[in-house]
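*Asks:* this one's sequence-less:
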Ligand SMILES: CN1CCC[C@H](Cn2ccc3ccc(-c4n[nH]c(N)c4C#N)cc32)C1
(Lines give C-alpha, C1' and ligand atoms only; values in the text may rest on other atoms or scores of the structure.)
Protein backbone atom coordinates (compact mmCIF):
# COMPACT_ATOMS: atom_id res chain seq x y z
CA UNK A 1 0.00 0.00 0.00
CA UNK A 2 1.12 3.52 -0.85
CA UNK A 3 0.18 6.37 1.50
CA UNK A 4 0.51 10.07 0.65
CA UNK A 5 0.20 12.55 3.50
CA UNK A 6 -0.13 16.30 2.87
CA UNK A 7 0.59 18.52 5.88
CA UNK A 8 2.32 21.75 6.93
CA UNK A 9 3.95 19.67 9.67
CA UNK A 10 5.56 16.68 7.91
CA UNK A 11 7.78 16.12 10.94
CA UNK A 12 4.58 15.22 12.83
CA UNK A 13 4.81 11.84 11.10
CA UNK A 14 8.17 10.74 12.50
CA UNK A 15 6.23 8.13 14.58
CA UNK A 16 5.50 6.33 11.31
CA UNK A 17 9.20 5.39 11.26
CA UNK A 18 8.80 3.41 14.50
CA UNK A 19 7.44 0.05 15.65
CA UNK A 20 5.20 -2.07 13.45
CA UNK A 21 4.63 0.61 10.83
CA UNK A 22 8.33 1.37 10.62
CA UNK A 23 9.02 -2.33 10.12
CA UNK A 24 6.26 -2.62 7.51
CA UNK A 25 7.84 0.29 5.61
CA UNK A 26 11.28 -1.30 5.84
CA UNK A 27 9.83 -4.52 4.41
CA UNK A 28 8.06 -2.66 1.60
CA UNK A 29 4.56 -3.60 2.82
CA UNK A 30 3.81 0.10 3.23
CA UNK A 31 5.21 3.12 1.41
CA UNK A 32 4.66 6.57 2.95
CA UNK A 33 5.32 9.80 1.03
CA UNK A 34 5.07 13.08 2.97
CA UNK A 35 4.17 16.26 1.10
CA UNK A 36 4.85 19.66 2.69
CA UNK A 37 2.02 21.99 1.66
CA UNK A 38 4.36 24.99 1.92
CA UNK A 39 6.44 23.55 -0.94
CA UNK A 40 3.49 24.47 -3.18
CA UNK A 41 3.30 28.14 -2.18
CA UNK A 42 4.92 30.91 -4.25
CA UNK A 43 5.34 33.84 -1.90
CA UNK A 44 8.35 34.65 0.26
CA UNK A 45 6.45 33.79 3.44
CA UNK A 46 5.12 30.47 2.05
CA UNK A 47 1.61 31.50 3.11
CA UNK A 48 -0.98 28.72 3.47
CA UNK A 49 -3.82 30.53 5.24
CA UNK A 50 -5.97 33.64 4.99
CA UNK A 51 -8.91 35.29 6.75
CA UNK A 52 -12.34 33.63 6.40
CA UNK A 53 -14.90 35.09 3.97
CA UNK A 54 -17.94 36.16 5.99
CA UNK A 55 -15.76 36.95 9.00
CA UNK A 56 -15.35 34.86 12.13
CA UNK A 57 -12.44 33.67 14.24
CA UNK A 58 -9.23 32.11 13.03
CA UNK A 59 -7.86 31.53 9.55
CA UNK A 60 -8.80 29.20 6.69
CA UNK A 61 -6.30 27.26 4.55
CA UNK A 62 -5.94 28.78 1.08
CA UNK A 63 -7.14 26.64 -1.85
CA UNK A 64 -4.26 27.30 -4.25
CA UNK A 65 -1.47 25.39 -2.45
CA UNK A 66 -3.86 22.52 -1.77
CA UNK A 67 -4.94 22.33 -5.38
CA UNK A 68 -1.36 22.25 -6.62
CA UNK A 69 -0.29 19.68 -4.01
CA UNK A 70 -3.20 17.32 -4.68
CA UNK A 71 -2.58 17.68 -8.44
CA UNK A 72 1.01 16.55 -7.79
CA UNK A 73 -0.15 13.65 -5.60
CA UNK A 74 -2.59 12.56 -8.27
CA UNK A 75 0.05 12.82 -10.99
CA UNK A 76 2.40 10.64 -8.94
CA UNK A 77 -0.35 8.07 -8.44
CA UNK A 78 -1.13 8.09 -12.17
CA UNK A 79 2.57 7.68 -13.00
CA UNK A 80 2.57 4.56 -10.82
CA UNK A 81 -0.59 3.25 -12.46
CA UNK A 82 -3.21 4.20 -9.87
CA UNK A 83 -6.02 6.07 -11.57
CA UNK A 84 -8.05 7.23 -8.57
CA UNK A 85 -6.50 7.30 -5.12
CA UNK A 86 -8.87 7.62 -2.19
CA UNK A 87 -8.41 10.97 -0.45
CA UNK A 88 -9.18 10.86 3.27
CA UNK A 89 -9.78 14.23 4.89
CA UNK A 90 -9.79 14.17 8.69
CA UNK A 91 -12.32 16.65 10.08
CA UNK A 92 -14.48 16.89 13.20
CA UNK A 93 -17.40 17.14 10.75
CA UNK A 94 -16.59 13.78 9.16
CA UNK A 95 -18.18 10.37 9.40
CA UNK A 96 -16.96 8.53 12.49
CA UNK A 97 -14.07 6.16 11.80
CA UNK A 98 -14.99 2.52 12.39
CA UNK A 99 -13.14 -0.78 12.16
CA UNK A 100 -15.25 -1.57 9.09
CA UNK A 101 -13.96 1.62 7.44
CA UNK A 102 -10.38 0.75 8.41
CA UNK A 103 -10.84 -2.67 6.80
CA UNK A 104 -12.19 -1.00 3.66
CA UNK A 105 -9.22 1.40 3.55
CA UNK A 106 -6.81 -1.53 4.04
CA UNK A 107 -8.06 -2.98 0.75
CA UNK A 108 -7.08 0.18 -1.17
CA UNK A 109 -3.78 0.19 -3.11
CA UNK A 110 -3.30 3.91 -2.51
CA UNK A 111 -4.51 6.30 0.19
CA UNK A 112 -3.94 10.04 0.38
CA UNK A 113 -4.52 12.12 3.52
CA UNK A 114 -5.18 15.88 3.59
CA UNK A 115 -4.22 17.25 7.02
CA UNK A 116 -5.92 20.56 7.66
CA UNK A 117 -4.99 23.13 10.27
CA UNK A 118 -6.38 26.48 11.48
CA UNK A 119 -10.18 26.48 11.01
CA UNK A 120 -9.95 23.97 8.19
CA UNK A 121 -9.39 23.83 4.43
CA UNK A 122 -11.28 26.03 1.91
CA UNK A 123 -14.31 23.89 0.94
CA UNK A 124 -13.56 24.33 -2.77
CA UNK A 125 -10.45 22.15 -2.33
CA UNK A 126 -12.68 19.17 -1.53
CA UNK A 127 -15.15 20.08 -4.29
CA UNK A 128 -12.29 20.21 -6.82
CA UNK A 129 -10.74 17.01 -5.45
CA UNK A 130 -14.07 15.16 -5.90
CA UNK A 131 -13.79 15.94 -9.63
CA UNK A 132 -10.74 13.67 -9.82
CA UNK A 133 -10.70 11.39 -6.75
CA UNK A 134 -12.92 9.60 -4.29
CA UNK A 135 -12.98 11.79 -1.17
CA UNK A 136 -14.06 10.75 2.33
CA UNK A 137 -14.31 13.16 5.26
CA UNK A 138 -13.57 11.18 8.42
CA UNK A 139 -13.63 11.99 12.15
CA UNK A 140 -11.80 9.93 14.76
CA UNK A 141 -14.14 11.04 17.54
CA UNK A 142 -16.45 13.64 19.00
CA UNK A 143 -13.82 16.01 20.34
CA UNK A 144 -11.86 18.81 18.65
CA UNK A 145 -8.17 18.54 17.78
CA UNK A 146 -5.92 21.36 16.49
CA UNK A 147 -5.46 19.74 13.10
CA UNK A 148 -5.68 16.59 11.02
CA UNK A 149 -2.22 15.15 11.71
CA UNK A 150 -3.03 13.21 14.89
CA UNK A 151 -6.15 11.82 13.25
CA UNK A 152 -4.12 10.75 10.22
CA UNK A 153 -1.66 8.92 12.49
CA UNK A 154 -4.61 7.09 14.07
CA UNK A 155 -6.16 6.13 10.75
CA UNK A 156 -2.83 5.04 9.22
CA UNK A 157 -2.11 2.84 12.24
CA UNK A 158 -5.62 1.33 12.26
CA UNK A 159 -5.25 0.51 8.55
CA UNK A 160 -1.59 -0.57 8.49
CA UNK A 161 -2.06 -3.18 11.23
CA UNK A 162 -4.64 -4.89 9.01
CA UNK A 163 -2.18 -5.33 6.13
CA UNK A 164 -0.87 -8.88 5.73
CA UNK A 165 2.40 -9.44 7.54
CA UNK A 166 2.34 -6.21 9.57
CA UNK A 167 1.09 -7.69 12.85
CA UNK A 168 3.08 -10.81 13.77
CA UNK A 169 0.07 -12.82 14.88
CA UNK A 170 -2.67 -12.23 12.30
CA UNK A 171 -5.12 -14.11 14.56
CA UNK A 172 -4.87 -11.32 17.15
CA UNK A 173 -6.12 -8.86 14.54
CA UNK A 174 -9.20 -10.97 13.97
CA UNK A 175 -9.96 -11.01 17.73
CA UNK A 176 -9.46 -7.28 18.17
CA UNK A 177 -12.03 -5.13 19.81
CA UNK A 178 -14.59 -4.22 17.15
CA UNK A 179 -13.26 -6.85 14.74
CA UNK A 180 -16.10 -9.13 15.91
CA UNK A 181 -18.32 -6.21 16.84
CA UNK A 182 -17.48 -6.55 20.53
CA UNK A 183 -14.99 -4.91 22.89
CA UNK A 184 -12.13 -7.18 23.83
CA UNK A 185 -12.11 -8.63 27.31
CA UNK A 186 -9.37 -8.50 29.98
CA UNK A 187 -5.90 -9.94 29.36
CA UNK A 188 -3.47 -11.46 31.89
CA UNK A 189 0.10 -12.70 31.98
CA UNK A 190 2.54 -14.04 34.57
CA UNK A 191 2.78 -14.02 37.56
CA UNK A 192 -0.37 -15.99 38.49
CA UNK A 193 -0.66 -13.88 41.67
CA UNK A 194 0.42 -10.24 41.78
CA UNK A 195 -0.10 -7.99 44.82
CA UNK A 196 -2.62 -10.53 46.06
CA UNK A 197 -4.57 -10.41 42.77
CA UNK A 198 -5.09 -13.76 41.08
CA UNK A 199 -5.48 -14.61 37.40
CA UNK A 200 -8.98 -16.05 36.72
CA UNK A 201 -8.72 -19.80 37.30
CA UNK A 202 -10.20 -20.77 33.94
CA UNK A 203 -7.21 -19.17 32.18
CA UNK A 204 -4.88 -21.55 34.03
CA UNK A 205 -7.08 -24.62 33.36
CA UNK A 206 -5.77 -25.53 29.92
CA UNK A 207 -9.41 -26.14 28.92
CA UNK A 208 -9.39 -24.25 25.63
CA UNK A 209 -13.14 -24.52 25.04
CA UNK A 210 -13.86 -23.16 28.52
CA UNK A 211 -11.26 -20.40 28.04
CA UNK A 212 -12.80 -19.36 24.70
CA UNK A 213 -16.28 -19.37 26.27
CA UNK A 214 -15.07 -17.29 29.25
CA UNK A 215 -13.30 -14.77 27.01
CA UNK A 216 -16.38 -14.31 24.84
CA UNK A 217 -18.59 -13.87 27.91
CA UNK A 218 -16.17 -11.26 29.30
CA UNK A 219 -16.25 -9.42 25.98
CA UNK A 220 -20.06 -9.46 25.88
CA UNK A 221 -20.36 -8.29 29.52
CA UNK A 222 -17.83 -5.48 28.95
CA UNK A 223 -19.58 -4.41 25.74
CA UNK A 224 -22.99 -4.45 27.45
CA UNK A 225 -21.70 -2.13 30.20
CA UNK A 226 -19.47 0.23 28.21
CA UNK A 227 -20.88 0.22 24.65
CA UNK A 228 -24.41 -1.33 24.66
CA UNK A 229 -25.10 0.17 21.24
CA UNK A 230 -22.52 -2.21 19.77
CA UNK A 231 -24.59 -5.18 20.96
CA UNK A 232 -27.67 -3.68 19.34
CA UNK A 233 -25.72 -3.37 16.07
CA UNK A 234 -24.73 -7.06 15.96
CA UNK A 235 -26.33 -9.09 13.16
CA UNK A 236 -29.42 -11.03 14.36
CA UNK A 237 -28.47 -14.37 15.89
CA UNK A 238 -24.93 -13.26 16.77
CA UNK A 239 -25.51 -14.07 20.44
CA UNK A 240 -26.83 -17.33 21.81
CA UNK A 241 -29.83 -17.11 24.17
CA UNK A 242 -27.38 -17.69 27.05
CA UNK A 243 -25.18 -14.82 25.82
CA UNK A 244 -28.20 -12.57 25.34
CA UNK A 245 -29.01 -13.11 29.04
CA UNK A 246 -25.53 -12.09 30.26
C1 LIG B 1 -12.18 25.26 16.29
N2 LIG B 1 -11.87 24.61 15.02
C3 LIG B 1 -13.03 23.79 14.62
C4 LIG B 1 -12.79 23.12 13.31
C5 LIG B 1 -11.49 22.27 13.36
C6 LIG B 1 -10.32 23.11 13.81
C7 LIG B 1 -9.05 22.29 13.97
N8 LIG B 1 -8.81 21.43 12.81
C9 LIG B 1 -8.31 21.89 11.63
C10 LIG B 1 -8.22 20.82 10.76
C11 LIG B 1 -8.66 19.66 11.46
C12 LIG B 1 -8.80 18.31 11.10
C13 LIG B 1 -9.34 17.41 12.01
C14 LIG B 1 -9.74 17.86 13.28
C15 LIG B 1 -10.41 16.93 14.23
N16 LIG B 1 -10.84 17.35 15.43
N17 LIG B 1 -11.45 16.33 16.04
C18 LIG B 1 -11.46 15.25 15.27
N19 LIG B 1 -12.02 14.04 15.56
C20 LIG B 1 -10.79 15.60 14.09
C21 LIG B 1 -10.57 14.63 13.06
N22 LIG B 1 -10.44 13.77 12.30
C23 LIG B 1 -9.57 19.21 13.65
C24 LIG B 1 -9.04 20.10 12.73
C25 LIG B 1 -10.65 23.77 15.12
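*Replies:* Arrived safely. Everything quoted here is computed from the prediction, not taken from an experiment.
*Asks:* confidence score at residue 171?
*Replies:* With respect to pLDDT, residue 171 has a value of 66.
*Asks:* ditto for residue 167
*Replies:* pLDDT, residue 167: 88.
*Asks:* just residue 203 next, same as before
*Replies:* As summarised for this prediction, residue 203 has a pLDDT of 98.
*Asks:* sec struct for it, please.
*Replies:* Here residue 203 is recorded as helix under DSSP: H, G, I helix; E, B strand; the rest coil.
*Asks:* isn't it up against residue 211?
*Replies:* Yes - counting by C-beta atoms under 8 Å, residue 203 touches residue 211, with 6.1 Å between them. All C-beta spots, glycine's among them, are computed from the backbone N, C-alpha and C.
*Asks:* top helix in the chain by residue count?
*Replies:* Longest among the helix segments of the chain by residue count, using DSSP state H, is helix 208-226.
*Asks:* packing partners of that one?
*Replies:* helix 228-232, helix 241-244 (3 or more C-beta pairs under 8 Å, 6 or more residues apart in numbering; DSSP states H and E).
*Asks:* mind putting the ones you listed into JSON lines with distance to the ligand?
*Replies:* Output for the helices and strands packed on helix 208-226, formatted as JSON lines (distance: least, C-beta to the nearest ligand atom, whole Å):
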{"stretch": "helix 228-232", "distance to the ligand": "19"}
{"stretch": "helix 241-244", "distance to the ligand": "33"}
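*Asks:* weakest of those helices by average pLDDT?
*Replies:* helix 241-244 has the lowest average pLDDT among the helices and strands packed on helix 208-226, namely a mean of 92.
*Asks:* what comes up buried for that helix?
*Replies:* Of the residues in helix 241-244, residue 243 count as buried by neighbour count, 16 or more other C-beta atoms under 10 Å.
*Asks:* stretch 128-146 now?
*Replies:* 128, 129, 133, 135, 136, 138, 139, 140.
*Asks:* just stretch 63-82 next, same as before
*Replies:* Per 16+ other C-beta under 10 Å, stretch 63-82 contains these buried residues: 63, 64, 65, 66, 67, 69, 70, 73, 74, 76, 77, 82.
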